[in-house]
Each structure stands twice: as structure tokens, then as C-alpha cells.
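In: Fold the stuff below for me.
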Amino acid sequence: MDAADEQNPNPGGPKPLTLKRLLPAGAPATADEIVADFGLDGLAASGPPNRPYVMLNMVSTADGHATLDGRSGPISGSADRALFHALRTAVDAVMAGAATVRVERYGRIIPDASRRARRVEQGLSAEPLACIVSGRLTLDAEIPLLAEPAAKVAILTSSAASLPASAAEVHYIRAACDGLLDLPAALAELRARFDVRTLLCEGGPHLNAQLLGAGLVDELFLSLSPLLAGGDPDDGNPTHPEALRILAGPELSPPVALELRGVLEHDSGLFLRYGVRAAPTAVGA
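Out: Numbers count the residues shown, from 1 in each chain. The predicted structure is shown next:
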């Protein structure tokens, strides 16, 4: 997404987009006002001490599609994009899996100069740390993010390899367990080495499931688009991209329990904020 997707900050321009606050009830507010009310600094301070406070941000059709034709963009609306940018503006780091970065053609995390200035005023770096999860380091060197001189990128991998030199400032967090990426260790290093207190994960579905399965997620922001996509992801037609849900891979056992914290509405779209409930501790553990 680029700066054209942002709300126009010009007071003489169009009226800023507002969302209805259904739960908790309140006056309509802009996405930036709503995210500011989350109090992310306080949540991070009271959250896990050895890793960032992790939030998933996903969009889905009403019948569960997280992508159309292989991408999330066709599902997203103006309010979802406003919340997307507001969340990015408020966090220390933004993370996505290598496939998501490649398919969505990730570029500069904060393309709008006024948002970068706002971050600096709030004591944050001008750009969030861009985190790419790539277990085997199968990354396309042509990804726009890596060609951005202002970008600071951390690659979380189990591989000992490195990418070719790029314009971006690239760091590596190498954490392996039995040949696979050790996500708990990688997030602990993000906190210790880069002081990442708040981390926004934008998918994809396999990474989301791995984070949830490892107990590394604190909140889920889910935008429900008022669309029905239909179709059968297992229809056997190779020309139909896989219609993923927001989670992919083996079933979570037990399922992860959620607690509803907020509901917003705009133009028939619903925007749900869930807390992730801690798994119950076994008796005698």
C-alpha cells in the first residue's frame, strides 16, 4: 500500500474517515484516534518481559477468505486501510512472512512523511523496523522494501546464508531449533537487540498459525469485509490461487481462545479487536 491510501491530513481537504465505535460504545473517531486509545505503550509495559507485545492484523471476507486471486488488497476497504496505516504508525516493528512480503510487494513501511514526523514526535524511530520471517531465506532480492535506502530490515531465519547486498540496512536474527526457525528465540532477540516492545504481524496465514501455536500472540485485529467470495479452494484447478483463511496449516490443539475487546463499523464492514486468552495451566504443572 502506498501514501495514496492514507487519510488526507490536510485540514482543507476531504473530511477524515471516521468509524463508529460499537463496543465499547463511543463517538465516531478516526483510525488514528482509535489506535491512540489502545494505549499500546501500557500494554507493552505490562506484557511479556522477554518478547514484544505481538498483534496480528488481518482482513477476511464474511465467508472466510483472506485473499482473492492470491492477494489481500481486493478485500480491503478504505477503513481497513486507515486502521492498517494507523497501527503501523504506532508500533516499533512490522513483521510479515517472506511469501506475504513477496506477493504483496512490500515497500517502505511508512510512505507518508507526515506520519514519519508524527512518530518522531512521539519518541519512536521515523520508520518501524521491518521484520521478514524466512526460515530458509528464500527471498526475492527485487522486493521493493530491500531497494529502499531508508528501510531498516531484520530477517528472522534459521539459515546461515545471507542475501546479496541491497540498498536497505539489513540485519539477521538467526535462531534455529532442530533445523527450523525458533520463533520464541527470534522474538526474544528482537526485544533484546532492537528494543522492539510492540510488534505488528501482517501474516501470512502460516506464520499467524505458528505464532499462535507457540503462544506468542497477544491480540488479533480482524477486519471483516462485507463480501462473499465463495469458491472451493480444493477444486483442483491449477489456475485458481489457493484461497487462504487467516490461519493455515495443522489445526491448533487446543484451539486458541479469544476475548472480544472492541467492535468498530464503517460502510457495513466490521473491525474486531480480540485479546488472546492465555492457555490454561495443567493441574500439577
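In: Now do the contacts for Gly179.
Out: Contact analysis of Gly179 by CB atoms under 8 Å, 6 or more residues apart in numbering lists Ser158. Bear in mind the C-beta positions are built from the backbone N, C-alpha and C, glycine included.
In: Going along the chain, name the helices of the stretch 151-285 of the chain.
Out: 183-194, 205-213 (DSSP state H, counting those that start in this stretch).
In: can you give me the offset of the shortest one from its chain's centre?
Out: Between the centre of helix 205-213 and the centre of its host chain there is 12 Å, according to CA atoms, centre = their mean, to the nearest Å.
In: what helices or strands is it leaning on?
Out: Contacting helix 205-213 under the criterion 3 or more CB pairs under 8 Å, 6 or more residues apart in numbering; DSSP states H and E are the following elements: strand 53-61, strand 93-97, strand 198-201.
In: Keeping just the C-alphas, turn the second one into CSV.
Out: Read it as strand 93-97. Only the C-alpha atoms of strand 93-97 are listed here, as CSV (Å, rounded to 0.1, in the frame of the first residue of the first chain):
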residue,chain,number,x,y,z
ALA,A,93,8.2,-3.1,14.3
VAL,A,94,6.1,-4.6,11.5
MET,A,95,6.5,-8.3,10.6
ALA,A,96,5.4,-10.5,7.7
GLY,A,97,6.4,-13.8,6.2
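In: got the angle between it and helix 205-213?
Out: Orientation check (axes from the mean of the first three to the mean of the last three CA atoms, to 10 degrees): strand 93-97 against helix 205-213 gives 120 degrees.
In: In strand 93-97, which residues are buried?
Out: Residues of strand 93-97 classed as buried by neighbour count (16 or more other CB atoms under 10 Å): Ala93, Val94, Met95, Ala96, Gly97.
In: And stretch 54-66, what's buried?
Out: So, applying 16+ other CB under 10 Å, buried residues of stretch 54-66: Val54, Met55, Leu56, Asn57, Met58, Val59, Ser60, Thr61, His65, Ala66.
In: From those residues, pick the one nearest Leu212.
Out: The closest of those to Leu212 turns out to be Leu56 (CB to CB; 8.0 Å).
In: hey, what's the closest one bridged with?
Out: Beta-bridge pairing for Leu56 (DSSP bridges): Cys201, Leu220.
In: Return the distance of it relative to Leu22.
Out: 21 Å (CB to CB, to the nearest Å).
In: Repeat that for Leu222.
Out: Using CB to CB, we find Leu222 at a distance of 14 Å from Leu22.
In: Could you export the helices of the stretch 151-285 of the chain as JSON lines, including mean pLDDT?
Out: As requested, the helices of the stretch 151-285 of the chain are exported to JSON lines (pLDDT from 0 to 100):
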{"stretch": "helix 183-194", "mean pLDDT": "98"}
{"stretch": "helix 205-213", "mean pLDDT": "97"}
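In: wait, which of these is closest to Ala150?
Out: helix 183-194 (16.5 Å).
In: counting contacts, what elements does the closest one pack onto?
Out: By 3+ CB pairs under 8 Å, 6+ apart, helix 183-194 packs against strand 129-133, strand 152-157, strand 169-174.
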